[in-house]
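Asker: predicted model follows, preceded by the sequence.
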Amino acid sequence: MRIDGKGLIDRTKPVRFRFDGKDYAGYKGDTLASALLANDVRLVGRSFKYHRPRGVLTAGSEEPNALVEVVGPSNQTPNVRATMQEVFEGLVAQSQNRLGSLRFDLLAVNDYLSPFLSAGFYYKTFMWPRAFWEGLYEPIIRRAAGLGSLSGKHDEGTYEKAFAFCDVLVIGSGPSGLIAALTAGRAGADVILCEESHALGGRLLSAGGTIGGVPAGEWVAQVVAELQALPNVRIMPRTTVTGAYDHGTYGALERVGLHKPARPNLPRECFWRIVAKHAVLASGALERPVAFENNDRPGIMMASAVRTYLNRYGVVPGKRVTLFANTDAARATARELMAAGVTVAAIIDPRPDASGVEECPVHVGAEVVGSRGRLGLSGIQVRKGSEVFEIETDCLAMSGGWNPTIHLTCHMNGRPRWDEDLAAFVPMEGAVQGLLAVGAANGSMSTHGALATGHAAAMKAVEALGRKVSVAVPEAEDMPYRLKALWAVEGKGRAWLDFANDVTTKDVKLAAQEGYRSVEHMKRYTTQGMAPDQGKNSNVAALAVLADATGRGIPETGVTTFRPPYVPVSIAAMGAGGRGEGFAPQRFLTSDQASRDRHAPMIEAGLWYRPSYFPKPGEATWREACDREVTMVRQAVGIADVSTLGKIDIQGKDAGRFLDFVYTNTFSTLPVGRVRYGLMLREDGLVLDDGTSARLGENHYLMTTTTAAAGLVMRHLDFVHQAFCADWQVRFISVTESWAQFAVAGPKARALVNSFLESPVELPFMGVAPVRIGGVDGRLFRISFSGEEGYEIAVPTRYGEALFRDLVARAETMGGGPYGMEALNVLRIEKGFITHAEIHGRISAYDIGMEKMVSAKKDCIGKAAATRPGLWGPEREQLVGLKTHAPISSGAHLFVPGTEVHRETDQGYVTSVGWSPTVGAWLGLGFLKDGRARIGEKVRLVDHLRGLDVICEVCHPVFHDPEGEKLRA
Amino acid sequence: MRYSGLKVITEGLFGNKGWTPAWRDPAPKAEYDVVIIGGGGHGLATAYYLAKNHGITNVAVLEKGYLGGGNVGRNTTIVRANYMIPGNTEFYSHSMKLWEGMEADLNYNVMHSQRGLINLFHSDGQRDYWVRRGNAMINQGDDAILLEREGVREHLPYLDFENTRFPIYGGLLHPRGGSARHDAVAWGYARGADKRGVDLIQNCEVTGIDIENGVVRGVQTTRGAIRAKKVGIIVAGRSSQVAAMAGMRLPIESHILQAFVTEGLKPVINHVVSFGMGHFYISQSDKGGLVFGGDLDFYASYAARGNLPMVEHVMEAGMTLMPMIGRAKVLRSWGGIMDMSPDGSPVIDKTHVEGLFLDCGWNYGGFKAVPASGWCMAHLMATGNHHEVAAKFRLDRFATGHLLDEEGTGSQHNLH
Amino acid sequence: MRLTCPLCGDRDRREFYYYGAEDYLHRPAEGAPLAEWDNYLHLRDNPAGVLRDLWYHEAGCAQWLLVTRNTVTHEILGTELVAERKA
């Protein structure tokens, strides 16, 4: 019901929205909850387990009951707090977790079965027969559990992430937050003020009273106006600080577009990473319910929420309100309702010494012991002494006192401190470095306390920043906070603690009875505090009930841990940017476009994209193209872009010495103008990488690494240098992106190369020379990864595309052309060259037959650990070639023909295979136990997954030109 | 007390007054045959199998906090037997068999659910790796099915097959893979051990290990000295500290692994799904929350909490792989402390002290290992011999080079 | 989480690669027994408290840092360049 003359809504701007298929009207400034209450809609949801009818309990993000699905044009969002969702024109929402309609939810049968669904019942049953768990019980449980629904469609919404930095982060804009921001702002500090709601002011928007002699609302407006005018203050409404992390980093979620109709490019949410030198936690406090029988009916609400709906939204959630509260402050709700003309049927105050003087009946020393009303409250039972009587009411405002909102102070493992006077946990000072809790968040419950502590914390930050300011703390209400702790009213029925997970006092007591006495056991056994509100409304009361049941005090009982995020954050917001191709960078070759122009499929190779093959008209499969490209290289000439290989330029007097240290073999003796293959070990003695290094000058080398290990090797070299030989005269830098490099391979390679060099050179095998190509300085290497006479030509990256197109055009006039990764792979298998398919991190130099490359004359990284006995001997699987005439596969395992196939008989596995048009057979590389001694034997290759079972011949891994005559031609 | 559906009904009819404690709360005795340090999943399972398989019931489990409060209470609950390296394959295969009989054995519903695990691959090279692994699984006697892209689509139609950075080439389906309710595993073993006479002693921190002439004599605790003929250290997350009490320096570095759960949702993910390119894995619990995680935070830590870079990375991986989860909201994040070993595999072994045994180094795969770890550690402690399926989990294998390195990333602890 | 690089200043953890404890700096001499290599490569004090460990400013100056920090609280007590370390 809407009340005239109250609230901060804009009554000139009506807004139409829909809930559960029915149209309603609200105003700009309403939340979905306030607008529904204004329309006398009390039933908004069903509870998790018993499917009990539920209504709005709170007016904030801690809401446990009023969770709805918001339905957009292309997708729906589950578990939206109606108390936080602002209404906008065309908003569509629906209730969730029901079977049938909200009023007649078929799963409400669970409520009648509740004696059998007590805490932990599922651990004790559903065990027989075993097959029924996955087949019957579990599917039923899964369907009944859960709250809202995802649509199953891709989330196409726009989300953002951003970084922000500031001197002072103020979290919350109630009285303590506003004055903290004002103080730091006036001092000239860089301030960010985050407020969860769309309007600044916090509790001052919900309450009356004056500050500095002016009405609180007016004071808020003045301060906000000043803050808005300060260029060094950033105000972030609709932003919840969700987590405190190390070294002044905070996570925050901004609801950017959720309060508006969706439109293209309007982000729904933005996840902020805020780095703050100082932070002021002005997050206020959360009011706590009282557990009594059937305290969960729609119409039973937090007293502060009733007050908020009245003052902020001009809504009264009932016609005949009652108040059940154990503090003086809560009386304000009743008084303001009466002042607005609403009937308050009674105040029930459990404190025997409380004042009985109000404009309505007051039952002092009394408790609410029950309620009635199937889909909404119609009356309560009150007990005073031995007498129990009934009061007719459709809205009960309850308050069991307040819990400071200390969550962020606990995110870094800080344990809170129990305060007996407040009967609440307060932050342990210093729990989060640089963060000070103030106001109600720190247990200062009065407005004056909030202002004074907010100001003091800001002054501390200002001083630490070396700034000066003088701000007067205005006068305000300073009422003492007086309560008698009341967690649960004595009674026999079910009294709810955790509304969201349907945990009652009985469940907590049962947990204690069954030995789950640790607070963590109780939580986990009953699921208390594990629901969407994470126990914000219930944890402390549940603790108190557990403490009572186990005969301990609350501090000894301890608390469970608050963990980020403070409010649930969508995966899309924290994962913004990851959607589609945004997940990882893309690296493109200079020949990328030229390759695509030739219809080459570009496949992922790490972050790179490389051509798989270059199809020709008439070729139906990749194999046809691959076979043709292999034959082309073997018989004419082929061009491949090999720029993805890592390139590290190494210079200095000690460059050779350094390479000797990181490679197993020797490079200091390499003549200038020559290239050498090198093997690199990790310090644990297993193979890290291989590649070639060229000596370009007396003190100048160029190292190449594999594509996969380029970054790894660079990091490794930096470590070895800085950790072990920082005084050596050697410097190096990655030049991978600086050079485009192309392989020219085949019997016609020399003719092709000489056709474009300004002055042809005669290079020996493993030689390198500077060359000029069309006026550009480049480098020519005579190296081969194909087994044919091969060259690699390198030019600065900006000339890469032109050179590639030119090389391909020349090759085509000679019966050659480009070749892709598939052909490159077959060529290297034919030649027995290894890649990271073979050197997969568990392989020693011995395993690949390169133990002789580990120089005995010098130390090198990995040399010592490579001598461990487990890395040698016939038990090791050694690199071999495999040859057969039936298709074979990588990932297959090897067995002795005629033996059974299981783990104990496993002899090895296959790492690379390909059809070799050159040899006319299927070739493979793999690792076989004692393999080098078994060349010439037969092995059985078994791939269960692909259904292959093939006998292969064990071969030396070099199938093509074993003497290397073609390379050296 | 035996649990059953009938018992739930009869107790329900009488106000649930008759349920008795799942375990006793005994005071520590002066002496035991065996003291287990650590009341986590592995410690409780060891105590249970000492009693059940070997008849050794004069056993105390000493727990400094509450039972099941370590990694068994804070993990993503995946149960699988999909290892590649001999030494690991037979161990996890044995563990899977124990999982499959666990509820009947413990009379406790741990909600073990074999809903299938799919490991996705995103290149030909990754496919070959998973085929090698799948074949190893089948050679071991476990199950694996190779799915190509369309096969994956049948199982997981909600993945983004069109617009993703690393296209889905296929996946390896492990039908017996799945998940379980983690706390229930700890509680089930605790109840079973207690029933067989084991003393479960909570809030009892071990402060010293008594050793005389190279033989273990007992432990010092915050609740007094306790003599013991044999002592087992089973305290993943604190292994280095407890082993140091016996003068040992372990091949362990402690790291944080974060995990996440969303608010409850109606069923939307049936399998356990693992993304090959982004260290992201996800399943949906019976309560409806999406439970997911990723890689380590990568820096050594005992903080049991993490930082945003890995949080965001995990979410980004989720968004590129299955953007339908975008509107699910993360409810809670937490961190567990992992014993990271230099080859990614664990240790179940004797130590240089007679009567002192060690079970540690579970990296982030300890949950699924709980039954077999308990089984094999109990076997070792009872008989003095390594159980055949855990025979390679030796403490000296790093020194000798007999490594069990599934990832192939070498002697850097955080890369496994 | 943030680290102060001696060259680049206060930077986000995202810019750094983590290796492990400072043990990796104490490489045994050539010819040392394998037990020393085991100690160097594998065994760790792994303190729950102050640790010195190795971070690489990979997305910055490519310098390896020796960081002194607390593994329980994550407090950073100091950073220095590995190449210019004092001890």
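Answerer: Nice, thanks for sending it over.

Asker: how about the CA coordinates for the strand or helix carrying residue A:347, as PDB?
Answerer: Take DSSP states H and E as the rule and residue A:347 turns out to sit in strand A:343-349. Provided in PDB are the C-alpha atoms of strand A:343-349 (Å, rounded to 0.1, in the frame of the first residue of the first chain):
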ATOM      1  CA  THR A 343      -2.400   1.400  12.600                       C
ATOM      2  CA  VAL A 344       0.100  -0.200  14.900                       C
ATOM      3  CA  ALA A 345      -1.800  -3.000  16.700                       C
ATOM      4  CA  ALA A 346       0.900  -3.600  19.300                       C
ATOM      5  CA  ILE A 347       4.500  -3.500  20.300                       C
ATOM      6  CA  ILE A 348       5.900  -6.700  21.800                       C
ATOM      7  CA  ASP A 349       9.100  -6.000  23.700                       C
END
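
Asker: okay, buried residues for it please.
Answerer: A:344-349 (16 or more other Cβ atoms under 10 Å in any protein chain shown). (C-beta placed from N, C-alpha, C; glycine too.)

Asker: now stretch C:23-42
Answerer: Those buried within stretch C:23-42 under the rule 16+ other Cβ under 10 Å are C:23-25, C:27-28, C:34, C:37-42.

Asker: the residue nearest to the spatial centre of chain B and chain A, how far apart?
Answerer: For chain B, the residue nearest the mean C-alpha position is residue B:367 (1.5 Å; Cα atoms, centre = their mean). Counting by Cβ to the nearest Cβ, to the nearest Å, the gap from residue B:367 to chain A is 15 Å.

Asker: now do the contacts for that residue.
Answerer: For residue B:367, the contact set (Cβ atoms under 8 Å, 6 or more residues apart in numbering or on different chains) comprises B:41, B:71-72, B:75-79, B:182, B:185.

Asker: which element is the residue nearest the centre of chain C on?
Answerer: For chain C, the residue nearest the mean C-alpha position is residue C:54 (1.7 Å; Cα atoms, centre = their mean). Element membership for residue C:54 (DSSP H and E) is strand C:50-56.

Asker: immediately after that strand, which helix or strand?
Answerer: strand C:64-70.

Asker: and the helix or strand following that following strand, which strands flank it?
Answerer: Following strand C:64-70 in sequence order, the next helix or strand is strand C:76-81 (DSSP H and E). If you go by DSSP bridges, strand C:76-81 pairs up with strand C:64-70 (antiparallel).

Asker: buried ones in the strand it pairs with?
Answerer: So for strand C:64-70, counting by 16+ other Cβ under 10 Å, buried means C:64-67, C:69-70.

Asker: turn those into TSV, including pLDDT.
Answerer: What follows is these, written out as TSV (pLDDT from 0 to 100):
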residue	pLDDT
C:64	98
C:65	98
C:66	98
C:67	98
C:69	98
C:70	98
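
Asker: and residue 132, its phi and psi?
Answerer: Let's take chain A. phi -80, psi -20 (degrees, to the nearest 10).

Asker: my bad, chain B
Answerer: phi -60, psi -40.

Asker: could you measure from it over to residue A:945?
Answerer: Separation of residue B:132 from residue A:945 (Cβ to Cβ, to the nearest Å): 9 Å.

Asker: identify the contacts common to those two.
Answerer: Joint contacts of residue B:132 and residue A:945 (Cβ under 8 Å, 6+ apart) are residue A:891.

Asker: coming back round to it: pairing partners for the strand holding residue A:347, with directions?
Answerer: Under the rule (DSSP bridges), strand A:343-349 has strand A:320-325 (parallel), strand A:362-364 (parallel) as partners.

Asker: on that earlier part again, show the model's pLDDT score for the residue nearest to the centre of chain B.
Answerer: At residue B:367, the model reports a pLDDT of 98.

Asker: sec struct for it, please.
Answerer: With DSSP: H, G, I helix; E, B strand; the rest coil as the basis, the three-state label of residue B:367 is helix.

Asker: which ones are touching the residue lying closest to residue A:697 once chain neighbours are set aside?
Answerer: Of all residues not flanking residue A:697 in the chain, residue A:672 sits nearest, at 6.0 Å (Cβ to Cβ, 6 or more residues apart in numbering or on different chains). Residue A:672 makes contacts with A:695-698, as judged by Cβ under 8 Å, 6+ apart.

Asker: most surrounded residue in those residues?
Answerer: residue A:695 (24 neighbours; other Cβ atoms under 10 Å in any protein chain shown).

Asker: surely it and residue A:673 touch.
Answerer: Yes - the criterion here is Cβ atoms under 8 Å, and residue A:695 meets it with residue A:673 at 6.9 Å.

Asker: re earlier: can you tell me which of the strands paired with strand A:343-349 comes nearest to residue B:176?
Answerer: Closest approach to residue B:176 among these (Cβ to Cβ): strand A:320-325, 54.2 Å.

Asker: got the contact list for the closest one?
Answerer: With Cβ under 8 Å, 6+ apart as the criterion, strand A:320-325 contacts A:290, A:303, A:306, A:330-331, A:333-334, A:337, A:342-350, A:367-368, A:380, A:391-400.

Asker: chain C contacts on chain B?
Answerer: Residues of chain B lying near chain C by Cβ under 8 Å from any Cβ of the partner chain: B:238, B:240-241, B:244, B:249-254, B:298-303, B:307-309, B:342, B:398-399, B:411-414.

Asker: likewise for the stretch 151-300 of chain A?
Answerer: Counting by Cβ under 8 Å from any Cβ, the residues of the stretch 151-300 of chain A near chain C are A:245-249, A:275.

Asker: how near is the residue nearest to the centre of chain B to residue B:157?
Answerer: 28 Å.

Asker: cool, residue A:616 as well?
Answerer: From residue A:616 to residue B:157 the distance is 36 Å (Cβ to Cβ).

Asker: near chain A, which residues of chain C?
Answerer: Residues of chain C lying near chain A (Cβ under 8 Å from any Cβ): C:1-2, C:12-13, C:17, C:19, C:24-25, C:27-28, C:30-32, C:34, C:37, C:41, C:54, C:56, C:58, C:62-64, C:73-76, C:81-84.

Asker: same thing with the stretch 301-416 of chain B?
Answerer: B:303-305, B:307-308, B:311-312, B:314-320, B:323-334, B:342, B:397, B:399-403, B:405, B:407-411.

Asker: shouldn't residue A:34 be within a helix?
Answerer: Yes - counting by three-state DSSP, residue A:34 falls inside a helix.

Asker: give me the nearest residue to it, chain neighbours excluded.
Answerer: residue A:313 (3.7 Å).

Asker: who's in contact with the one you found?
Answerer: Residue A:313 touches A:7-9, A:29-31, A:34, A:37-38, counting by Cβ under 8 Å, 6+ apart.

Asker: pLDDT value on it, please?
Answerer: 97.

Asker: tell me the phi and psi of it?
Answerer: Per degrees, to the nearest 10, the backbone of residue A:313 is at phi -120, psi 0.

Asker: now it: how far from residue B:297?
Answerer: Taking Cβ to Cβ, one finds residue A:313 at 43 Å from residue B:297.

Asker: do residue A:150 as well
Answerer: In terms of Cβ to Cβ, residue A:150 sits 28 Å off from residue B:297.

Asker: what kind of secondary structure is residue A:752 in?
Answerer: Under three-state DSSP, residue A:752 comes out as helix.

Asker: that one: neighbour count?
Answerer: 23.

Asker: repeat that for residue A:956.
Answerer: 14.

Asker: do the same with the one 10 residues further on
Answerer: Other residues within reach of residue A:966 by the criterion other Cβ under 10 Å amount to 19.
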